[in-house]
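Novice: generate coordinates for the sequence data below:
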Amino acid sequence: MDIAAKRYIDPQKWDTKSHKALGNTQEAKILNLYLKTVEQQVYDYHYLMLKEEDFVTSESLKSKLLGTDVSTRMLIPIFQDHNDKVEALVGQDFGSGTLERYKTSLKHTQEFLNWKYKTSDIDITKIDHAFIMDYDFWLRSVRKCANNTAVKYIKNLKRLLGYVWRMAGSKKIPFRLQSKTQGSRTAIS
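Specialist: Numbering: from 1, shown residues only. From the prediction side, this is the model:
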């Protein structure tokens with residue numbers, strides 16, 4: 001795997017064995033420090049990726065370093081794409097009621113993002129247990145949804161995100177939804 005450092009030096013001032021600039025000039029010191037910093041970034045990203053994923057390829061590491069990795073995926077376009085696919089399959093795999101439920105779920109999710117975060121979208125990797133608990137609270141308090149309705153909207157979001165993470169090959173899903181009835185409320189864990 002090659003990545004261009006986007007730095008240039010006279011070939012006469014380069015040591016090909018040690019892969020660094022020769023001499024003690026300011027130019028050589030700056031270039032060598034830059035290359036050490038890039039090397040450390042490679043090690044840091046590699047370590048983080050090993051903690052998060054089962055395996056790391058040179059291409060996935062390169063994508064991470066260059067910022068072209070696909071880890072930044074925004075919720076609303078994914079949700080809309082999902083709804084478009086459901087709509088195309090109404091009458092075959094889905095009923096019109098299912099489509100309406102997902103459309104309403106999308107609308108509620110957009111309203112929640114605006115209410116809680118003052119934004120129109122969120123990176124799916126930022127969705128965690130606290131997000132789900134806040135969404136559940138918002139559905140019950142602001143939207144005044146009954147227990148079963150709130151649980152259905154959260155399950156819709158869970159299904160959508162579970163599908164996205166499975167398609168991305170991730171084994172780590174940031175939240176689990178378990179139906180543990182506590183009085184009239186369903187616990188999210």
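Novice: low-confidence stretches in the chain?
Specialist: 1, 53-55, 67-72, 166-189 (pLDDT under 70).
Novice: what about the helices in it?
Specialist: All helices of the chain, identified by DSSP state H, fall at 26-52, 58-66, 75-88, 96-117, 129-141, 147-167.
Novice: got TSV for the ones you listed, with distance to Ala4 too?
Specialist: Heads up, the C-betas are built off the backbone N, CA and C, glycines and all. Shown next, in TSV, are the helices of the chain (distance: least, Cβ to Cβ, whole Å):
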stretch	distance to Ala4
helix 26-52	11
helix 58-66	10
helix 75-88	31
helix 96-117	37
helix 129-141	38
helix 147-167	31
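Novice: as a markdown table, those with mean neighbour count and distance to Lys17 would be great.
Specialist: Formatted as a markdown table, the helices of the chain follow (neighbours: other Cβ atoms under 10 Å; distance: least, Cβ to Cβ, whole Å):
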| stretch | mean neighbour count | distance to Lys17 |
| --- | --- | --- |
| helix 26-52 | 13 | 14 |
| helix 58-66 | 15 | 23 |
| helix 75-88 | 15 | 49 |
| helix 96-117 | 16 | 52 |
| helix 129-141 | 17 | 51 |
| helix 147-167 | 17 | 45 |
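Novice: looking at those, which is nearest to Ile3?
Specialist: Closest approach to Ile3 among the helices of the chain (Cβ to Cβ): helix 58-66, 6.0 Å.
Novice: now find how far off-centre that closest one is within its chain.
Specialist: 16 Å (Cα atoms, centre = their mean, to the nearest Å).
Novice: from Glu59, how far off is the closest residue to Trp138 other than its chain neighbours?
Specialist: In space, and not counting its chain neighbours, Trp138 is closest to Phe112: 4.9 Å by Cβ to Cβ, 6 or more residues apart in numbering. For Phe112, the distance to Glu59 equals 36 Å [Cβ to Cβ, to the nearest Å].
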